[in-house]
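> Model the following, please.
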Amino acid sequence: MNTPTPLAAMVMAMITQNLKDSAGTPNSINENAGEKLMKKILLVGVMASLLAGCSSTASRMAECEAQGVSKDACYIAEQNRKATINAAAEKQAMENAQALYPVQKAQAAKVSHVADPLREATFTAPGVTVKINNGFTKATVNGAKATVKRFNASYYEVSGSGYTASVSLNADGVETASYTKARSRANGVMQVVQK
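Numbers count the residues shown, from 1 in each chain. This next block holds a predicted model:
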């Protein structure tokens, strides 16, 4: 004799319990108990059908290997499956976010300028004037040719006529500028005018 599956055993137990509960009660209560029993059976059936469609990674790998496919190929196929599911979920999340925040899309379309931190600039302090061209490639200190040294994308030094000007940049342009006079302790912050 075959042993019942766990699902069948659970349904049988519910029916037996319901029959015991409804013994010796009036018909209207029996009908109500019958409705409850039908709802429980329906719920168990729905849960079973939902769980029947689920499979684990291990079961999919075993099924793939059982078909004679190598373990490596099965693993790659499983990884591709997961990546496809994740990509679809990410795409849907982005679409949902764009639907929730349509103003940002419109604002992004209105961007009219791109900040150029290397615009032509003039730096002044008592006794020193530094001018640097667009792109920060040529400079003058007090009207004489000077050298421009780039340390990184946000820091430059201009040297000439006995002065060194240190220039710090941010995304919008010159953030700060200071000077130091060679062979002296003279130094300070410079006024910045950037075009």
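> Sketch out the helices for this protein, chain order is fine.
For the chain, the helices defined by DSSP state H occupy 6-22, 27-52, 57-66, 71-100, 102-109.
> Remind me what the third one packs against, helices and strands.
Of the remaining helices and strands, those touching helix 57-66 by 3 or more CB pairs under 8 Å, 6 or more residues apart in numbering; DSSP states H and E are helix 71-100. Heads up, the C-betas are built off the backbone N, CA and C, glycines and all.
> If you count neighbours, what's buried in the helix it packs on?
residue 74 (16 or more other CB atoms under 10 Å).
> Please compute how far that helix lies from its chain's middle.
Centroid separation for helix 71-100 versus its chain: 14 Å, with CA atoms, centre = their mean, to the nearest Å.
> quick one: it to helix 57-66, angle?
130 degrees (axes from the mean of the first three to the mean of the last three CA atoms, to 10 degrees).
> so what secondary structure elements neighbour helix 71-100?
helix 57-66.
> outside of the helix it packs on, which residues touch it?
Residues from elsewhere that reach helix 57-66, judged by CB atoms under 8 Å, 6 or more residues apart in numbering: 55, 71, 73, 74, 75, 77, 78, 81.
> Could you export that helix as CSV, CA atoms only?
Extracted in CSV, the C-alpha atoms of helix 57-66 (Å, rounded to 0.1, in the frame of the first residue of the first chain):
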residue,chain,number,x,y,z
THR,A,57,19.2,26.5,-7.1
ALA,A,58,20.3,23.0,-6.0
SER,A,59,17.3,21.3,-7.6
ARG,A,60,17.8,23.2,-10.8
MET,A,61,21.5,22.3,-10.8
ALA,A,62,20.7,18.6,-10.2
GLU,A,63,18.0,18.6,-12.9
CYS,A,64,20.5,20.2,-15.4
GLU,A,65,23.2,17.7,-14.5
ALA,A,66,20.8,14.8,-14.8
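> Would you mind listing the buried residues in that helix?
Quick answer for helix 57-66 (16+ other CB under 10 Å): 61, 64.
> Now do it, average pLDDT.
The average pLDDT for helix 57-66 rounds to 88.
> How far off centre is that helix?
With CA atoms, centre = their mean, you get 32 Å for helix 57-66.
> Show me the shaky parts of the chain.
By pLDDT under 70, the low-scoring segments of the chain are 1-12, 14-34, 48-54, 103-117.
> Apart from its chain neighbours, what residue comes closest to residue 73?
Using CB to CB, 6 or more residues apart in numbering and skipping residues adjacent in sequence, the residue nearest residue 73 is residue 64, 7.7 Å away.
> can you dump the C-alpha coordinates of stretch 159-166 into PDB?
The C-alpha atoms that make up stretch 159-166 are tabulated as PDB, following Å, rounded to 0.1, in the frame of the first residue of the first chain:
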ATOM      1  CA  SER A 159      55.700  80.400 -10.200                       C
ATOM      2  CA  GLY A 160      57.500  83.500 -11.500                       C
ATOM      3  CA  SER A 161      59.000  86.900 -10.600                       C
ATOM      4  CA  GLY A 162      59.900  85.600  -7.100                       C
ATOM      5  CA  TYR A 163      56.400  84.500  -6.200                       C
ATOM      6  CA  THR A 164      54.500  81.200  -6.100                       C
ATOM      7  CA  ALA A 165      50.800  81.200  -6.300                       C
ATOM      8  CA  SER A 166      48.900  78.000  -5.100                       C
END
